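Engineer: sequence plus the predicted model coming up.
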Amino acid sequence: MEDKWIPNHPGNKILFHTKYDEWEWGVSDLIDWRVNQWDRDKIFTIFHHFDAEAIIRIPLSRRQVEDRMVWMHCCNGKYPVKFGYRVAHMLAKDAISKEESSEQRTENRVWSQLWKLRVPNKIKIFGWRACLNILPSKVNLARRKILIDATFGVCQRFPETVSHAIWSYSAAQDVWASANARIQKCGGEFDEFLHLFQFMMSKLSLEELANFLNWKPPMGQLYKLNFDAAVFANGSGIGAVIRNAARDVMAALSVRGAAVNDNEEAKAGACRTALEFATNAGFSELIIEADNVTVMSVVSSLSPNWSRLGVIYDDVRCLAAGLRQVVFSSI
């Protein structure tokens, strides 16, 4: 009960005692080895619902592999000596700047990223003013008693805030629809443009804000496998498509996935499912392409991964090893 084996869970261990506390059980007893998945009925019978939900979110390997110790605070699961120095530096920095609020630190990171964008300076200044909410929107002008009516003059339905005029308004969304595919995924309503910008910077790289994504067909006799994942409140979704050099769709997949903890887990699981689909469909010469640089760099690396998602990455590598030719690529 005291072992720390549940990632992304308070204390990384079981929180609520059960009537089976005295039972000498192991984690392997909670797995249905016939399908290499968690035994949901047993888990929800034994554990509190809060603990059970966390357990079934732990990714399992498709194969039977040995247990291993991982360092939760590094993405590759290994503890580097420099991590200790980094923590010490962060603690010292926090002690010096303890008067600075978390909100101020977040905004400082926003400004740092904003000024690094490779766009004309006038665009940076416009973005800076939008984030500070000092553009002359009708809401801001009404707040200063310059105008009385703050309704957006085009749609005549909502107040003219900076975020509504630039992002939420239907005509603005039509413009964004022709932009980078990953920008299109950053949908939703945001009360302030600063919050929208923070969300985008957490999802996109600096280059992705300036470049369009163009799909390129594979060369020769190779096939290209593209996959993606979406995260929902009660699960995830996985999509995959295989095309040839003539851009013809050879096979496609769309399935519901398990509940996940974050985007990386969703993309790693989607990669495994997509590669299983391609293998079962008989494709053995593939270019595997996706938009998550982290996932694609890990699965293409020869170094072992000891993170909580290591079992998924190992499954992908085992599947890839059975192909005649495979290339991993990120877009």
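Structural biologist: Yep, that arrived.
Engineer: got any ranges where this structure has weak pLDDT?
Structural biologist: Low-confidence segments of the chain, defined by pLDDT under 70: 1, 19-24, 72-73, 93-107, 120, 154, 171-189, 206-215, 331.
Engineer: can you give me the helices for it?
Structural biologist: Using DSSP state H, the helices of the chain run over residues 40-46, 49-56, 81-96, 102-116, 121-131, 138-143, 162-163, 170-176, 181-184, 193-203, 263-280, 293-300, 310-321.
Engineer: among these, which is nearest residue 62?
Structural biologist: Set against residue 62 and scored by CB to CB, these come closest in helix 310-321, at 4.8 Å. Yep, even glycine has a C-beta here, placed from its N, CA and C like the rest.
Engineer: which residues does residue 170 contact?
Structural biologist: Residues near residue 170 by CB atoms under 8 Å, 6 or more residues apart in numbering: residue 155.
Engineer: look up how far residue 158 lies from it.
Structural biologist: 10 Å (CB to CB, to the nearest Å).
Engineer: still on that earlier bit, out of the helices of the chain, which gets nearest to residue 240?
Structural biologist: That would be, of those and by CB to CB, helix 263-280, which comes in at 3.8 Å.
Engineer: tell me which other helices or strands the closest one touches.
Structural biologist: Here helix 263-280 is seen to pack against strand 223-232, strand 235-243, strand 249-257, strand 285-290, helix 293-300, helix 310-321 when contacts are counted using 3 or more CB pairs under 8 Å, 6 or more residues apart in numbering; DSSP states H and E.
Engineer: okay, those in CSV with mean neighbour count and distance to residue 85 next?
Structural biologist: Putting these into CSV (neighbours: other CB atoms under 10 Å; distance: least, CB to CB, whole Å) gives the following:
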stretch, mean neighbour count, distance to residue 85
strand 223-232, 20, 34
strand 235-243, 19, 37
strand 249-257, 13, 38
strand 285-290, 20, 34
helix 293-300, 18, 24
helix 310-321, 20, 25
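Engineer: tell me which of these lies nearest to residue 48.
Structural biologist: strand 235-243 (20.9 Å).
Engineer: what's in contact with the closest one?
Structural biologist: Counting by CB under 8 Å, 6+ apart, 217-218, 223-230, 249-260, 266, 269-270, 273-274, 277-278, 281, 283, 286 sit against strand 235-243.
Engineer: roughly how far does the residue nearest in space to the middle of the chain sit from residue 41?
Structural biologist: Nearest to the geometric centre of the chain sits residue 263, at 2.3 Å (CA atoms, centre = their mean). If you measure residue 263 against residue 41 using CB to CB, the figure is 29 Å.
Engineer: just put the helices of the chain in TSV and tack on distance to residue 12.
Structural biologist: Listed next are the helices of the chain as TSV, based on distance: least, CB to CB, whole Å:
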stretch	distance to residue 12
helix 40-46	17
helix 49-56	9
helix 81-96	17
helix 102-116	23
helix 121-131	36
helix 138-143	45
helix 162-163	38
helix 170-176	40
helix 181-184	32
helix 193-203	24
helix 263-280	16
helix 293-300	22
helix 310-321	16
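Engineer: which non-adjacent residue is nearest residue 77?
Structural biologist: Once flanking residues are discounted, residue 77 sits nearest to residue 306: 3.0 Å by CB to CB, 6 or more residues apart in numbering.
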